[in-house]
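[1] quick one, fold the following:
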Amino acid sequence: MQLIGTISGEVMPTRFNILLSSSGVEKGSYVKIRHEQYGWVLARIDNIKRYIDNEGEEVVLANARTIGYKRDDNVLIPKTPFRPEERVYAADRELILSVMGLKKVKTKSIYLGLLEGHEIPVYLDIEKTIRKHMSVLAKTGAGKSYTVAVILEELLKNYFPIVIIDPHGEYSSLKYENDDYDAMLTYNVKPRSYEKQITEYAPNIIVNPEAKKLTLKPRFTLEELTEIMPIPLGDRQKSIAYNALRRLENQEYTIQDLINSVRLDKSNAKWKVISGLESLRSSGVFEGTPIRDKDLVREGNASIINLKGSEPRIQELIVAKICKDLFNSKKLGEIPNFFLLVEEAHNFCPERGFGDALSSQILRTIASEGRKFGLYLGVVSQRPARIDKNVLSQCNTQIILKVTNPNDLRAISQSIEGFTPGMENDIKNLSIGQALVMGECVEQPITVNVRVRESLHGIAQEREEIEKPKSMIEKIRPIFIEEEKEKIKKKPAKKKSISERIKGIFLEE
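    Purely as a prediction, here's the structure:
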């Protein structure tokens, strides 16, 4: 056991100071102390300071927080303080794994990264992590989308079905191998392409030429139709729409068929309904062969709904319709359990007071009822304060990266059970690429250095900007070409004969 110091000063069951005698201790390190009544207890160093005492000696003092000890599968906090001047040791791997509730095996798990301050891989149980919904929250540039991509890679390795709502087309890069080999060595991962497990759909295939055309099925109930209509309908217009739908009942129809059905009504109120339906038709998402829910949700496959290049209202319409159809199919047992990831969730289920979206209601429904049917929701946002509180509070697993905005921190604290003021400071002080993980997937909140991606990272502004990593031959070839050029330059120029010089003059003329 590695001795790192002794307990110093006033001691409480939950907090104490350590007079450090070892120089290799960092903030975030886990330590263990033997309690006279409870045995080995795990603690975490939250802060370290060094100063010169009255005698001119340098003192290094650490502030530690008690995490607890394991008894009958429960983590308990000692009810009495440790003895003053009790020795403190570096925590061993087994105690950390046991008390923190971390998995020891890779099967059916998410390898998120390494525990802060330790070379201990963090494996999160897939079912516990996503079964009761998950949120990934961070400010811009903190590594939010990068972390989400790591989670998606792990789900794909376990052949878990995924549907990704991707407003900016940033998850298309899952199809390409990463080439950051040095970083991979640290986390013991290898480059990998998930191209064979990715199917990409887009309403705008001009902007997204590698994607398949996204076409939705134009079959609605009256409630669904009024929800996705870009203009509100009054009672009279709803009655007209209802009659039009009844005429087409049990038929396969297009938006134009529905418009023609509305035209049969003699009331002038029909023109408002027609105007709304024309807007739906002009969006283009209902024109063509509709995609089936069984195609979107397949074992071992991720369906990316790439909304890049589509107007915000069209994006809302697509998300509302897809989520509604998938939720209904899941309730009927027509598709397997799957993970629905919604990027930029504050745009698709905004908090009341920040506007409304066509997709708000269905996402609230999925958040409250989806888990019963095997539809697991993941919401991702850089503005937690603008996400619907009902949706955010339903997420049992929280993965939080650096957040500094006071309103966002307040929203996080209000939506997470057991949130403490100390956690707020932890979140503000996280480094880029570090994540605080809370929820059922861990016994206690932990800080993780998120592992490097296996696939390529980067928003796909243009498909040609994303290149597959070059082979060794392709990397070496330019070197040889340059060397050959240099050799050619160094060779003395061959003297031309008189006839060649004369021929050159006439050719130039």
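[2] so which residue is dead centre in the chain?
    In the chain, the C-alpha closest to the average C-alpha coordinate belongs to residue 148, at a distance of 2.4 Å (C-alpha atoms, centre = their mean).
[3] that one reaches residue 381, doesn't it?
    No: counting by C-beta atoms under 8 Å, residue 381 is not a contact partner of residue 148; they are 10.9 Å apart. Where you see a C-beta, it was placed from the backbone N, CA and C, and this is true even at glycine.
[4] what about residue 265, distance to residue 258?
    Relative to residue 258, residue 265 is positioned 12 Å away (C-beta to C-beta, to the nearest Å).
[5] more crowded one of those two?
    Using other C-beta atoms under 10 Å, the more surrounded residue of residue 265 and residue 258 is residue 258, with 25 against 19.
[6] what about the more buried one, helix or strand, and which?
    Residue 258 belongs to helix 255-263 when assigned by DSSP states H and E.
[7] who's in contact with the next helix or strand after that helix?
    Of the helices and strands lying after helix 255-263 in sequence (DSSP H and E), the nearest is helix 270-282. With C-beta atoms under 8 Å, 6 or more residues apart in numbering as the test, helix 270-282 has contacts from 218, 228-231, 233-234, 237, 240-241, 244, 255-256, 258-259, 262-263, 286-287, 317.
[8] with stretch 47-64 instead?
    Contacts of stretch 47-64 with the rest of the structure, by C-beta under 8 Å, 6+ apart, involve 5, 8, 15-20, 23, 25-27, 31, 43-46, 88.
[9] figure out the length between the terminal residues of that stretch.
    Looking at stretch 47-64, the gap from its leading to its trailing residue is 7 Å under the measure C-alpha to C-alpha, to the nearest Å.
[10] for it, buried residues please.
    By neighbour count with 16 or more other C-beta atoms under 10 Å, stretch 47-64 contains the buried residues 48, 60, 61, 62, 64.
[11] before we move on, what about stretch 244-263?
    244, 245, 248, 253, 255, 258, 259, 260, 261, 262.
[12] just the contacts of helix 270-282: which are in helices?
    Taking DSSP state H as the definition of helices, these contribute 228, 237, 240, 241, 244, 255, 256, 258, 259, 262, 263, 317.
[13] burial measure for the third one, as a count.
    Under the neighbour criterion other C-beta under 10 Å, residue 240 is assigned a count of 24.
[14] returning to what we had before: can you name the two of the buried residues of stretch 47-64 that sit furthest apart?
    60 and 64 (13.1 Å; C-beta to C-beta).
[15] shouldn't residue 393 be in contact with residue 415?
    Yes: using C-beta under 8 Å as the test, residue 393 is close enough to residue 415 to be in contact (4.4 Å).
[16] returning to that earlier point: which one of the buried residues of stretch 244-263 is nearest residue 457?
    Of these, the one sitting nearest to residue 457 (C-beta to C-beta) turns out to be residue 255, at 39.1 Å.
[17] for the strand or helix carrying residue 110, the distance to its chain's centre please.
    With elements taken from DSSP H and E, the one containing residue 110 is strand 109-115. What separates the centre of strand 109-115 from the centre of its chain is 14 Å, taken as C-alpha atoms, centre = their mean, to the nearest Å.
[18] can you check stretch 85-96 too?
    Chain-centre distance of stretch 85-96: 34 Å, with C-alpha atoms, centre = their mean.
[19] before we move on, what about stretch 399-416?
    The gap between where stretch 399-416 is centred and where its chain is centred comes out at 16 Å by C-alpha atoms, centre = their mean.
[20] in that stretch, what counts as buried?
    The neighbour-count check on stretch 399-416 (16+ other C-beta under 10 Å) flags 399, 400, 401, 402, 403, 408, 409, 411, 412, 415, 416 as buried.
[21] distance of residue 116 from residue 378?
    Going from residue 116 to residue 378 by C-beta to C-beta gives 23 Å.
[22] with neighbour numbers in mind, choose between these two.
    More neighbours sit around residue 378 than around the other of residue 116 and residue 378, counting by other C-beta under 10 Å; the figures are 26 against 22.
[23] circling back: now for residue 148 and residue 381: what residues contact both?
    Common neighbours of residue 148 and residue 381, counting by C-beta under 8 Å, 6+ apart, are residue 136.
[24] could you check how many residues crowd around residue 34?
    Around residue 34 sit 14 other residues, with neighbours defined as other C-beta under 10 Å.
[25] once you drop chain neighbours, what's closest to it?
    Closest residue to residue 34 in three dimensions, ignoring its sequence neighbours and counting by C-beta to C-beta, 6 or more residues apart in numbering: residue 40, at 5.8 Å.
[26] now swap in residue 187 and tell me
    With sequence-adjacent residues excluded and distances taken as C-beta to C-beta, 6+ apart, residue 187 is closest to residue 451, at 4.0 Å.
[27] where are the low-confidence patches of this protein?
    Along the chain, the model assigns pLDDT under 70 to residues 459-509.
[28] wait, residue 414 sits on residue 389?
    Yes: contact between residue 414 and residue 389 holds when scored by C-beta under 8 Å: they sit 7.1 Å apart.
[29] doesn't residue 43 make contact with residue 67?
    Yes: using C-beta under 8 Å as the test, residue 67 is close enough to residue 43 to be in contact (5.8 Å).
[30] any residues in contact with both of these two?
    Taking C-beta under 8 Å, 6+ apart as the contact criterion, the common neighbours of residue 67 and residue 43 are residue 30.
[31] rewinding a little: surely the residue nearest to residue 187 and residue 114 touch.
    Yes: under the criterion of C-beta under 8 Å, residue 451 lies in contact with residue 114, with a separation of 7.0 Å.
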